[in-house]
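Trainee: I'll drop the sequence and a predicted model, then ask my questions.
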Amino acid sequence: MARSINQVILMGRLTRDPETRSTSTGKTVTSFSIAVDRASQDDQADFFDVTAWEKTGELVAQYLSKGRRVLVQGRLRQDSWDDKDTGKKRSKVEVVAQDVTFLDGPSGDGSGSAAPAAPTGGKKKSEDVVIEDIDDKPIDLSEIPF
């Protein structure tokens, strides 16, 4: 049986300042929304609501504000409910962030020197390795040890 996949990666700008609240069990949750420009069409964007929990949400609320660029990795979640006023069935799809990378510098200048990405789950990520010189020689498969 094939596994299901629910993963989304979005890069855009915050359309409003993040809002943080606490659940009845004491967990913190931060909500914000991002606009993702459509590459093929000028002046058009798609808008996504994002929810970030616990430490990730706290860092988002601390360092981000309207207009800042972010890369959000997460999953989609759909909620449905009956509207109390109209009695109609309503639904909403939102992104539950598992990782949020801050792309702008502290002044929103795009320098990337803002706070680091906000990892979740308590795992520490290894530092990224930058490869400066890559040649275009073909790879000899006999040199691969596995």
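Mentor: Great, that's in hand.
Trainee: Confirm for me that residue 76 is in contact with residue 98.
Mentor: No. Judged on CB atoms under 8 Å, residue 76 makes no contact with residue 98 at a distance of 11.6 Å. From N, CA and C alone the C-beta is placed, and that goes for glycine too.
Trainee: Could you check which of the two is surrounded by more residues?
Mentor: When neighbours are counted by other CB atoms under 10 Å, residue 76 and residue 98 differ, and residue 98 comes out ahead with 18 against 12.
Trainee: which stretch of helix or strand covers the more buried one?
Mentor: Assigned by DSSP states H and E, residue 98 falls within strand 89-102.
Trainee: try residue 77
Mentor: Under the assignment here (DSSP H and E), residue 77 is part of strand 69-82.
Trainee: how about that strand: buried residues?
Mentor: Within strand 69-82, the residues that count as buried by 16 or more other CB atoms under 10 Å are 69-70, 72-74.
Trainee: what lines up beside it in the sheet?
Mentor: Each strand paired with strand 69-82, and its direction, by DSSP bridges: strand 8-14 (antiparallel), strand 89-102 (antiparallel).
Trainee: Tell me the first helix or strand C-terminal of the first one.
Mentor: If I follow you right, that is strand 8-14. The helix or strand immediately downstream of strand 8-14 is strand 19-22, counting by DSSP H and E.
Trainee: What is that next one packed up against?
Mentor: strand 28-37, helix 54-63 (3 or more CB pairs under 8 Å, 6 or more residues apart in numbering; DSSP states H and E).
Trainee: what angle do the strand holding residue 98 and helix 54-63 make?
Mentor: 70 degrees (axes from the mean of the first three to the mean of the last three CA atoms, to 10 degrees).
Trainee: C-alpha coordinates for strand 89-102, PDB please?
Mentor: In PDB, the C-alpha atoms belonging to strand 89-102 read as follows (Å, rounded to 0.1, in the frame of the first residue of the first chain):
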ATOM      1  CA  LYS A  89     -21.400  23.900   6.200                       C
ATOM      2  CA  ARG A  90     -18.100  25.900   6.100                       C
ATOM      3  CA  SER A  91     -14.500  24.700   5.600                       C
ATOM      4  CA  LYS A  92     -11.000  26.200   5.600                       C
ATOM      5  CA  VAL A  93      -7.600  24.900   4.600                       C
ATOM      6  CA  GLU A  94      -4.500  26.200   6.400                       C
ATOM      7  CA  VAL A  95      -0.800  25.400   6.600                       C
ATOM      8  CA  VAL A  96       0.500  23.900   9.900                       C
ATOM      9  CA  ALA A  97       4.100  25.100   9.900                       C
ATOM     10  CA  GLN A  98       6.800  22.600  10.900                       C
ATOM     11  CA  ASP A  99       9.600  24.900  10.000                       C
ATOM     12  CA  VAL A 100       9.800  28.600   9.300                       C
ATOM     13  CA  THR A 101      12.900  30.200   7.800                       C
ATOM     14  CA  PHE A 102      13.300  33.900   8.100                       C
END
